[in-house]
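1. Got a predicted structure here, sequence first:
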Amino acid sequence: MSVIKSKDILLAYPYHSFLHIIDLLREASIDPNVSSIKMTLYRASTNSSIVNALINAARNGKHVFVVLELQARFDEETNIYYADKLQEAGVEVIFGVPGLKVHSKLFLITRKEEKKVVHYAHIGTGNFNEKTAKLYCDHSLLTADKSITQEVERLFAFYHDNYKTGHFKHLIVSPFNSRKRYVALINKEIENALLGKDAWMILKMNSLVDEDMIKKLYEASSAGVKIRLIVRGICSLIPGVPGLSENIKAISIVDKFLEHSRIFIFCHGGEEKYFLSSGDWMNRNLDFRSEVTVPIYDHELQAQLMEYVKIQFQDNSKARFHSPENVNEYVHNSKRTFKAQDEIYKWILNLQSQQSRLPKELNGKVSSLKSAKRKNSTSPVRIQKLKS
């Protein structure tokens with residue numbers, strides 16, 4: 001928690017270990033200064049270490065609150081079993097929200113520090129499942145940023161008392177404001193394109209099928225917005241159609257690990273906006289589920305997400321084109337064989353090696369820069385100079 005308090009942390013599975021999440025919850029369960037742990041559970045593994053940590057926390061006197069989704073397809077029986085086990089240990093368990101499937105990937109740890117209350121939040125793209133974390137490509141943001149943690153707390157208040165819908169300025173939350181916020185972000189790109197400014201977006205998701213969002217992307221393409229898509233599964237948008245989607249290029253990557261993370265990046269007039277999300281652009285995710293999209297404010301983490309998707313767009317081994325002819329041919333070019341998942345592994349390994357070689361004093365200066373107020377945050381150029 002001391003590390004999270006000093007700077008935001010971004011984990012990318014399966015390249016990073018999911019044990020970091022388990023260790024964090026285990027640490028919280030025995031920490032005498034931790035007063036509560038709140039979590040959403042959609043799919044947990046059998047013999048779940050996550051569930052065991054929550055039970056241990058309750059037995060140690062923490063208030064543990066779990067939103068457990070009984071309608072998680074194929075996992076209904078497992079979730080009923082865990083519901084009984086958690087309740088027997090004294091965990092407060094609720095079974096979602098009436099008429100709304102809870103698909104968000106959240107937890108919130110509350111800790112007393114020097115007469116103050118500090119919150120530590122997790123917002124991610126994948127389930128709290130240590131088995132699938134070895135097979136699925138997902139991202140987790142760990143943060144103590146008040147602007148984020150206060151809204152995560154507000155969302156848990158809604159789960160507990162459904163009339164407390166709350167107001168969300170930083171988080172994008174389905175079904176309250178996701179469609180509206182995404183449309184506003186696309187409209188900004190359309191506006192800038194019509195003014196002759198740089199306008200582009202990069203969208204990575206599992207499925208793109210919502211009719212209204214697809215129409216909006218067509219409108220953006222027609223206005224001159226450059227759109228790059230990575231859609232692993234169903235893609236109802238047809239890219240590359242003259243006069244309709246000629247500015248849209250889309251690929252799908254199917255490899256040994258399941259591409260599962262949702263990453264949304266918008267040019268936004270040069271003030272780039274970065275997001276991680278638990279939901280795809282499908283009617284059910286936008287309007288009939290509880291999904292959470294979190295902004296990434298840290299410049300270093302933004303750079304990491306951009307590099308992540310750039311590597312994927314270079315894949316010429318496991319990537320396929322979504323084309324107007326719907327033939328889904330593999331991406332082939334004259335460059336050396338480039339397999340994105342292998343290259344991401346090498347890149348993250350190298351990134352960790354570089355960070356471990358940073359002098360402690362310099363590392364501390366970088367951390368202090370990143371933990372500054374968001375509105376006064378240091379530009380990525382200055383941070384890069386300091387690192388070099």
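-> Noted; the coordinates are in hand. Numbering: from 1, shown residues only.

2. Quick one: the helices in the chain, in order.
-> Ranges of helices within the chain are 2-6, 19-30, 49-59, 76-88, 146-160, 178-194, 211-223, 283-287, 299-313, 340-357, 360-370, 380-387, based on DSSP state H.

3. Can you add mean neighbour count and give the ones you listed back as JSON lines?
-> No exception for glycine: its C-beta is placed from N, CA and C like everyone else's. Shown next, in JSON lines, are the helices of the chain (neighbours: other CB atoms under 10 Å):
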{"stretch": "helix 2-6", "mean neighbour count": "14"}
{"stretch": "helix 19-30", "mean neighbour count": "18"}
{"stretch": "helix 49-59", "mean neighbour count": "21"}
{"stretch": "helix 76-88", "mean neighbour count": "15"}
{"stretch": "helix 146-160", "mean neighbour count": "18"}
{"stretch": "helix 178-194", "mean neighbour count": "18"}
{"stretch": "helix 211-223", "mean neighbour count": "18"}
{"stretch": "helix 283-287", "mean neighbour count": "18"}
{"stretch": "helix 299-313", "mean neighbour count": "18"}
{"stretch": "helix 340-357", "mean neighbour count": "14"}
{"stretch": "helix 360-370", "mean neighbour count": "13"}
{"stretch": "helix 380-387", "mean neighbour count": "13"}
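
4. and of those, who's closest to Lys249?
-> helix 299-313 (8.7 Å; CB to CB).

5. would you put the C-alpha positions of the closest one in CSV?
-> Extracted in CSV, the C-alpha atoms of helix 299-313 (Å, rounded to 0.1, in the frame of the first residue of the first chain):
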residue,chain,number,x,y,z
HIS,A,299,2.0,10.2,-17.9
GLU,A,300,4.3,7.2,-17.5
LEU,A,301,1.4,4.7,-17.5
GLN,A,302,-0.2,6.5,-20.4
ALA,A,303,3.1,5.9,-22.4
GLN,A,304,3.0,2.3,-21.4
LEU,A,305,-0.6,1.8,-22.7
MET,A,306,0.3,3.6,-26.0
GLU,A,307,3.4,1.3,-26.4
TYR,A,308,1.2,-1.7,-25.6
VAL,A,309,-1.2,-1.0,-28.5
LYS,A,310,1.6,0.1,-30.8
ILE,A,311,3.2,-3.3,-30.4
GLN,A,312,-0.1,-5.0,-31.2
PHE,A,313,-0.6,-3.1,-34.4
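
6. between it and helix 340-357, how many degrees?
-> With axes from the mean of the first three to the mean of the last three CA atoms, to 10 degrees applied, the angle from helix 299-313 to helix 340-357 works out at 150 degrees.

7. okay, now the residue nearest to Ala133 when sequence neighbours are not counted: neighbour count?
-> Distances taken as CB to CB, 6 or more residues apart in numbering place Phe18 nearest to Ala133, at 3.6 Å, with adjacent residues excluded. Other residues near Phe18 number 22, with proximity taken as other CB atoms under 10 Å.
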